[in-house]
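Asks: No sequence on hand, only this structure:
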């Protein structure tokens with residue numbers, strides 16, 4: 001196949017992270033060693049298949065166009081070996097930097113808070129956990145025999161995405177499910193042109209980090 005034809009075929013299957021229909025559903029896969037999940041828009045169109053490489057000293061997240069992992073769309077990479085204050089950089093398949101996300105220091109120990117930056121390291125949005133007690137009760141109840149298996153239905157955290165004007169433009173919610181493996185992103189306000197791409201990548205990374213915490 002000619003190089004031009006190969007590039008053309010990849011372009012046809014590549015989802016547009018800048019234009020998609022809300023809400024977005026995220027569903028973690030069960031029965032895999034890797035921390036995999038699929039993102040779909042409101043029309044059921046697959047936006048991404050996300051895989052977290054396991055047993056890495058540095059976080060390494062691969063974002064593909066489909067579960068066959070044929071077409072790589074993005075990479076999310078940590079800037080340091082396992083560290084609570086690590087920053088996570090987004091690059092496309094050609095290695096171009098698209099932005100980054102990082103925790104807001106010690107504040108995130110109690111109430112998760114992340115900051116999203118553009119390619120010039122300028123902060124665009126903040127992700128704020130809205131009900132931190134849900135995570136506390138989730139962890140406590142999970143230690144109770146028999147009752148622990150129902151925490152996915154009882155305690156589900158929510159995260160607001162806030163712009164620089166203090167306006168909540170979107171909200172990510174953990175959905176009630178037996179294994180706590182479903183999340184939904186709804187749009188509440190206007191996003192600047194081109195910001196949807198960074199926002200979606202930032203939330204993908206945050207879900208992996210927060211799901212690990214409980």
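Replies: Received, thanks. Just so you know, these numbers come straight off a predicted model, no measurement behind them. Residues are numbered from 1 along each chain as shown.
Asks: Quick check: buried residues in the biggest helix by length in the chain?
Replies: Among the elements of the chain assigned as helix by DSSP state H, the one spanning the most residues is helix 195-213. Within helix 195-213, the residues scored as buried using 16 or more other Cβ atoms under 10 Å are 195-211. Glycine gets a C-beta too; all of them are placed from N, C-alpha and C.
Asks: for the record, mean pLDDT for that helix?
Replies: Here helix 195-213 scores 87 as its mean pLDDT.
Asks: With stretch 170-190 instead?
Replies: Taken as a whole, stretch 170-190 carries a mean pLDDT of 85.
Asks: Would you mark the buried spots in it?
Replies: Along stretch 170-190, the positions that meet the burial threshold by neighbour count (16+ other Cβ under 10 Å) are 170, 171, 172, 173, 174, 180, 181, 182, 183, 184, 185, 187.
Asks: could you show me where the strands are in this protein, in order?
Replies: Listed in chain order, the strands found in the chain under DSSP state E are 24-28, 37-40, 46-52, 60-64, 72-78, 87-92, 97-103, 113-117, 123-129, 158-163, 168-174, 182-187.
Asks: Let me see the mean pLDDT of the fifth one.
Replies: Taken as a whole, strand 72-78 has a mean pLDDT of 94.
Asks: Skip the chain neighbours and tell me the closest residue to residue 104.
Replies: Spatial nearest neighbour of residue 104, excluding adjacent residues (Cβ to Cβ, 6 or more residues apart in numbering): residue 113 at 3.9 Å.
Asks: from what I can see the one you found touches residue 128, true?
Replies: Yes - Residue 113 sits in contact with residue 128 when judged by Cβ atoms under 8 Å, with a separation of 5.3 Å.
Asks: in this structure, what spans have low per-residue confidence?
Replies: Residues of the chain that meet the criterion pLDDT under 70 lie in 1-19, 31-34, 55-57, 82-84, 105-110, 132-155, 177-180, 212-214.
Asks: how about a cut-off of 50?
Replies: With pLDDT under 50 as the threshold, the chain has low-confidence stretches at 1-13, 148.
Asks: in the sheet, who's paired with residue 129?
Replies: Note on residue 129: beta-bridge partners residue 159, judged by DSSP bridges.
Asks: ok, it - how many residues close by?
Replies: For residue 129, the number of neighbouring residues by other Cβ atoms under 10 Å comes to 21.
Asks: can you tell me how far it sits from residue 163?
Replies: Spatial separation of residue 129 from residue 163 under the definition Cβ to Cβ, to the nearest Å is 17 Å.
Asks: For residue 168, which non-adjacent residue is spatially closest?
Replies: Nearest to residue 168 is residue 160, by Cβ to Cβ, 6+ apart, at 4.5 Å.
Asks: ok, that neighbour touching residue 173?
Replies: No - applying Cβ under 8 Å as the test, residue 160 and residue 173 come out as separate, 9.9 Å apart.
Asks: how many neighbours does the residue nearest to residue 104 have?
Replies: That count, for residue 113 with other Cβ under 10 Å as the rule, works out to 17.
Asks: Next: residue 27.
Replies: 16.
Asks: show me what contacts it?
Replies: 37, 38, 40, 181, 182, 183 (Cβ atoms under 8 Å, 6 or more residues apart in numbering).
Asks: circling back: what's the angle from the longest helix of the chain to strand 60-64?
Replies: Using axes from the mean of the first three to the mean of the last three Cα atoms, to 10 degrees, one finds that helix 195-213 and strand 60-64 are set 130 degrees apart in direction.
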